[in-house]
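Give me a model of this one.
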Amino acid sequence: MTVQNWRDTSPLSASSKAVAIEVLVHGAQSRTRLANRMGLSAATLTRLVRPLLDAGVLVESDAVRTPGRGRSSLPLDVVPENSRFIGVKLTTESIYAVVTDLRARILDQEVVPIRSLRVPDVVSAVSGIVSGFQARNDLPVDAVGVTVGGQVEAGEIVADSPFLHWHEVPFRSLLTREIGTPVHLDNDVVGLIKAQHWFGHGKGYPSFALLTIGAGIGYGLVVNDAMVPTSVNPISHYPIDPSGPLCPLGHRGCTTAFLASDSITSAVSVGHGRSVGYDEVLELAIAGDPIASRVVREAARALGRAASAISALTGVERIILSGEGVHLAEVDQSALTEGLSEYDVAPGRHAEPIIRPMDFLEWARGAAVIAIQAQFPADRRPLADVTVG
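Residues are numbered from 1 along each chain as shown. The predicted structure is shown next:
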């Protein structure tokens with residue numbers, strides 16, 4: 001089994017860790033640029049960088065000529081290719097898994113059908129994926145991140161997953177015992193927004209939100225570069241239109257009633273008197289089918305209203321719209337825009353949403369980022385080089 005090869009992070013101060021994260025997220029930087037970005041004096045930065053270099057968290061990369069000075073500086077960087085993280089996204093039908101480096105670049109990937117949702121069977125399937133990845137990689141796996149749709153408590157227990165039909169499942173400890181590698185567990189939207197924050201469409205935005213639509217409604221929020229704990233329930237049943245359709249819980253005109261994929265397919269299926277899948281709904285809407293066009297238009301308008309509410313209540317600079325169902329916003333962007341600006345009292349006062357469809361392998365990458373954020377920075381020196389106080 002793979003054994004964790006990073007060391008305890010306790011000797012590193014919070015300030016040193018912040019410097020390491022700045023370099024990881026924003027790339028190689030000279031000491032001068034790094035000090036300016038973080039508002040630090042040269043002396044303070046030197047003090048904070050020294051333990052990071054000693055621990056092998058940061059390295060001095062190749063000399064880069066400093067314009068106009070006639071001297072060279074050694075930019076500080078990480079060595080992303082020396083790390084391996086596995087991200088796993090569990091769905092009702094398949095396990096999506098990726099291997100990434102320290103900057104969450106996907107190096108390998110696999111999709112395995114789920115033949116049973118019994119917890120021991122899923123643990124065994126994930127263990128097999130991890131073993132297969134490890135056999136194909138020269139470097140040991142530093143950690144594994146796993147995400148599920150549903151409520152996760154304390155990074156340990158899947159308290160409730162309506163998609164997997166799991167309740168109070170201590171999945172993290174079960175998988176850790178099986179694979180012998182550190183495991184980090186969280187909600188799938190948490191993983192996705194963490195990936196967007198450090199390495200994706202939210203990078204460079206101190207405040208942004210993520211709204212996902214598909215089988216369920218997901219919501220994540222970052223304010224002043226800090227992730228804000230959010231509960232999915234308020235946004236998944238946020239009231240959009242009191243005269244709208246009913247959701248399974250009996251709420252009239254909430255986001256689930258308008259935007260959940262089952263709600264959309266059911267409405268079109270009833271109208272056509274036959275079963276219609278989600279992709280066909282969009283195809284029908286593009287072709288001008290009146291029933292599908294109306295349902296998609298109402299959904300896109302509801303999505304715009306939800307994005308407008310998030311913008312008004314949080315003041316974020318960017319709203320990322322994603323999820324497996326977000327293509328409806330591309331089918332009827334005018335309805336999305338209408339919903340977004342419907343209640344504006346002045347033009348341009350809300351954050352403009354961006355539509356970024358992401359497949360489940362991208363969600364698995366988010367699971368890997370959960371592991372990266374939990375593990376980094378840490379001492380990477382060989383055991384013989386580590387001094388025990």
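
helices and strands of this structure: which one has the lowest mean pLDDT?
Lowest on mean pLDDT, DSSP states H and E among the helices and strands of the chain sits strand 64-65, with a mean of 46.

Name the helix or strand for residue 34, please.
Element membership for residue 34, per DSSP states H and E: helix 31-38.

and that helix, what's its mean pLDDT?
Computed over helix 31-38, the mean pLDDT rounds to 94.

What lies in contact with that helix?
Helix 31-38 is contacted by residues 18-19, 22-23, 26, 29, 40-42, 44-46, 49, 73, 76 when judged by Cβ atoms under 8 Å, 6 or more residues apart in numbering. (C-beta placed from N, C-alpha, C; glycine too.)

Buried residues in that helix, which are they?
For helix 31-38, the neighbour count (16 or more other Cβ atoms under 10 Å) marks 31, 34-35 as buried.

Out of the residues you listed, flag the one nearest to residue 268.
residue 34 (53.8 Å; Cβ to Cβ).

Return the closest of the contacts of helix 31-38 with respect to residue 174.
Out of the contacts of helix 31-38, the member with the shortest distance to residue 174 (by Cβ to Cβ) is residue 18, at 33.9 Å.

what sits against that closest one?
Listed by Cβ under 8 Å, 6+ apart, the contact set of residue 18 reads residue 38.

Figure out how far the helix or strand hosting it is from the centre of its chain.
Using DSSP H and E, residue 18 maps to helix 14-26. Offset of helix 14-26 from its chain centre (Cα atoms, centre = their mean, to the nearest Å): 19 Å.

do stretch 184-192 as well
Worked out by Cα atoms, centre = their mean, stretch 184-192 lies 7 Å from the chain centre.

Report the next helix or strand after the helix or strand hosting residue 280 in sequence order.
Counting by DSSP H and E, the element that carries residue 280 is helix 278-286. Scanning forward in sequence from helix 278-286 by DSSP H and E, the next helix or strand is helix 290-314.

and the angle from that following helix to helix 278-286?
Using axes from the mean of the first three to the mean of the last three Cα atoms, to 10 degrees, the direction of helix 290-314 lies 100 degrees away from that of helix 278-286.

what's near enough to touch the nearest residue to residue 187 once chain neighbours are set aside?
Among residues not flanking residue 187 along the chain, residue 152 sits closest, at 5.1 Å (Cβ to Cβ, 6 or more residues apart in numbering). Residue 152 is in contact with 158-159, 185-187, 190, counting by Cβ under 8 Å, 6+ apart.

Return the member of the contacts of helix 31-38 nearest to residue 323.
residue 26 (27.5 Å).

residue contacts, that closest one?
residue 37.

do you know how far the residue nearest to residue 187 is from residue 85?
18 Å (Cβ to Cβ, to the nearest Å).

same check, this time on residue 221
For residue 221, the distance to residue 85 - Cβ to Cβ - is 24 Å.

Have a look at the two and say which one is more surrounded.
residue 85 (27 against 21; other Cβ atoms under 10 Å).

Now do the phi/psi pair for that one.
Dihedral pair for residue 85: phi -130, psi 140, per degrees, to the nearest 10.

same deal with residue 152?
phi -120, psi 130.

Could you do residue 367 as well?
Per degrees, to the nearest 10, the backbone of residue 367 is at phi -60, psi -40.

ok, it touching residue 90?
No - assessed by Cβ atoms under 8 Å, residue 367 is found out of contact with residue 90, at 9.0 Å.

who's more crowded, these two?
residue 367 (33 against 30).

how close does that one sit to residue 353?
Counting by Cβ to Cβ, the gap from residue 367 to residue 353 is 24 Å.

which stretches of the stretch 51-200 of the chain have low pLDDT?
63-72 (pLDDT under 70).

who touches the nearest residue to residue 240 once chain neighbours are set aside in this structure?
Distances taken as Cβ to Cβ, 6+ apart place residue 302 nearest to residue 240, at 4.6 Å, with adjacent residues excluded. With contact set as Cβ under 8 Å, 6+ apart, residue 302 has these partners: 240-241, 244, 255, 258-259, 339.
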